[in-house]
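Student: Make a model of this:
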Amino acid sequence: MNKINKQSFSMAGLFTLSLRLVVGWTYFSAFWRRLILKDKLDPELPGYIGEKFNHFLPNALGIKPIIQFLVENPDHLWFAMMSFTIIEGIVGLFIMFGLFTRAMSVGVFGLAMGILLGSGWIGTTCLDEWQIGVLGIATGFTLFLSGSGYFSFDQYLMKKEFRITKWRYWNWIGSGSLPINLAVYKRIGLVGAFIILFITLYTNQYFHGGLWGTLHNKSVKPKVEIYEASIKESSLVFDVYRVEGVDVYGSFLISASLKDSNENDIYRINGEALAALKKDQIKNYYIAKVKPGKHSLIIPLGAKATINLNDNKFNQLSKGKYTLTLTDVSGIFWEKEIIIK
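Tutor: Okay, here's the model as predicted:
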């Protein structure tokens with residue numbers, strides 16, 4: 001009673017053909033870029049996808065512990081990136097061909113959710129990653145409802161009456177008429193749409209303040225947080241962690257200084273000296289690494305490291321409050337109070 005006929009699903013699949021082709025290529029192209037056009041899965045080569053994944057860490061929603069575990073464990077990270085890339089390739093290709101469409105639409109939904117939660121905050125102009133994520137989620141849900149219809153391998157398999165199409169769960173993983181009545185189908189469509197709308201609005205507000213309050217974009221300018229700053233004997237030791245800014249290039253640290261409570265300069269090191277730091281003076285935690293550049297210290301997005309600066313002046317400091325200041329090439333600076341007891 002009130003069943004939807006096969007013709008309706010075939011037409012619905014036809015109407016979503018452009019979505020299938022575009023979203024399919026979106027995911028398959030990730031596989032194509034990383035393995036065919038350029039090797040982005042080799043940790044030793046520039047452009048390693050693991051570093052991009054590391055960029056997600058500072059402001060990820062809900063999945064930050066997973067990302068942190070992976071970037072702290074390079075072998076696990078490489079395996080995850082390889083698996084993720086292969087899954088993207090299979091899902092993208094199968095969606096384009098319309099093969100096991102509904103099962104692959106769940107893959108589209110899951111991949112898009114991962115992008116949204118991990119990197120929905122990244123995007124310098126158009127909230128790029130957030131848009132990719134929410135549109136991918138909506139597309140995956142739509143393709144699950146419609147199946148692939150005409151011009152698909154699912155349709156070909158059903159037309160030729162392959163054995164798999166006789167399986168009781170075929171319609172749930174492939175295409176064709178779902179074994180539910182129209183009233184249930186309507187409820188699934190309506191509830192699913194509103195859930196996706198809620199996810200869209202919630203993440204838009206969480207990442208960007210898109211509904212109320214102050215609109216913000218964490219990708220516009222760099223922000224470096226300073227932790228565990230201390231002075232011991234002849235060493236000034238502190239942790240730096242870059243949590244905001246453009247993901248395609250680093251923050252360029254051109255100065256580090258220490259002042260006493262009267263604003264007198266106690267110590268200052270310029271960009272050239274920072275660029276000359278030795279390897280044992282920088283201890284990195286993640287795949288994205290703080291490293292000396294040509295004229296500055298480079299801090300990529302998501303990178304965290306312990307910096308050790310040595311000078312005999314630190315031995316002569318008296319008890320009291322001091323201020324560590326780090327200055328970016330853009331003129332932005334960050335401060336951390338240090339107390340010597």
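Student: beta partners for I307?
Tutor: Taking DSSP bridges as the rule, I307 bridges to F238, I282.
Student: residues touching it, list them.
Tutor: V237, F238, D239, V240, A256, L277, Q281, I282, V290, L297 (Cβ atoms under 8 Å, 6 or more residues apart in numbering). (Glycine included, C-beta is placed from N, CA and C.)
Student: wait, which of those residues is closest to I87?
Tutor: Here the nearest of the contacts of I307 to I87, counting by Cβ to Cβ, is V290; it sits at 31.3 Å.
Student: Can you tell me, leaving aside adjacent residues, what's nearest to the closest one?
Tutor: Using Cβ to Cβ, 6 or more residues apart in numbering and skipping residues adjacent in sequence, the residue nearest V290 is A305, 3.9 Å away.
Student: Wait, G47 touches R34, no?
Tutor: No. Using Cβ atoms under 8 Å, G47 makes no contact with R34, being 9.0 Å away.
Student: circling back to that earlier point, pretty sure the residue nearest to V290 contacts K289?
Tutor: Yes. At 7.2 Å, A305 and K289 qualify as touching, with contact defined as Cβ under 8 Å.
Student: between those two, which one's more packed in?
Tutor: Using other Cβ atoms under 10 Å as the criterion, A305 and K289 rank with A305 on top: 22 against 17.
Student: my read is that one is in a strand, agree?
Tutor: Yes. Checked against DSSP: H, G, I helix; E, B strand; the rest coil, A305 lies within a strand.
Student: and it, what does it touch?
Tutor: Counted by Cβ under 8 Å, 6+ apart, A305 has contacts D239, V240, I282, K283, N284, Y285, K289, V290, I299.
Student: now swap in P74 and tell me
Tutor: P43, G50, I287.
Student: Not counting stretch 166-183 itself, show me its contacts.
Tutor: Contacts with stretch 166-183, where a contact means Cβ under 8 Å, 6+ apart, come from 1-6, 8-9, 13, 98, 100-103, 147-149, 152, 154-155, 157-158, 164-165, 185, 188.
Student: buried set for it?
Tutor: W170, N171, I173, G174, S175, G176, S177, L178 (16 or more other Cβ atoms under 10 Å).
Student: Filter these down to the ones in strands?
Tutor: Judged by DSSP state E, the buried residues of stretch 166-183 include no members of strands.
Student: Which of those fall within helices?
Tutor: Cross-referencing the buried residues of stretch 166-183 against helices under DSSP state H gives W170, N171, I173.
Student: So, low pLDDT: which residues of the chain?
Tutor: 1-3 (pLDDT under 70).
Student: residue ranges for the strands of it, please.
Tutor: Going by DSSP E, the chain shows strands at 223-232, 235-244, 251-260, 265-270, 282-284, 291-292, 297-299, 304-310, 320-328, 333-340.
Student: quick one, which of the ones you listed is packed in tightest?
Tutor: Compared across the strands of the chain, strand 297-299 shows the largest average neighbour count, a mean of 25 (mean count of other Cβ atoms under 10 Å).
Student: Paired strands for that one, with orientation please.
Tutor: In the sheet, strand 297-299 lines up against strand 251-260 (antiparallel), strand 291-292 (antiparallel) (DSSP bridges).
Student: Which one of these lies nearest to T125?
Tutor: Nearest to T125, of those and by Cβ to Cβ, is strand 251-260 at 19.2 Å.
Student: and the angle for that closest one with strand 223-232?
Tutor: Angle of strand 251-260 versus strand 223-232, following axes from the mean of the first three to the mean of the last three Cα atoms, to 10 degrees, is 40 degrees.
Student: what's near enough to touch the nearest residue to S261 once chain neighbours are set aside?
Tutor: The shortest distance from S261 to any non-neighbouring residue, by Cβ to Cβ, 6+ apart, is to K321 (4.8 Å). Contacts for K321 (Cβ under 8 Å, 6+ apart) come out as D260, S261, E337, I338, I339.
Student: Now flag whichever of these is closest to F314.
Tutor: Comparing these against F314 with Cβ to Cβ places I338 closest, at 10.4 Å.
Student: Quick check: bridge partners of that closest one?
Tutor: The residues listed as beta-bridge partners of I338 by DSSP bridges are Y322.
Student: right, and it touches L324 too?
Tutor: Yes. With contact defined as Cβ under 8 Å, I338 reaches L324; the gap is 5.8 Å.
Student: ok, back up a step: separate out the buried members of the contacts of P74.
Tutor: By neighbour count, with 16+ other Cβ under 10 Å, the contacts of P74 hold G50, I287 as buried.
Student: In helices, which of the contacts of P74 fall?
Tutor: Checking the contacts of P74 against DSSP H, those in helices are G50.
Student: can you put the contacts of P74 in TSV and add distance to G245?
Tutor: Below are the contacts of P74 laid out as TSV (distance: Cβ to Cβ, whole Å):
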residue	distance to G245
P43	23
G50	19
I287	17
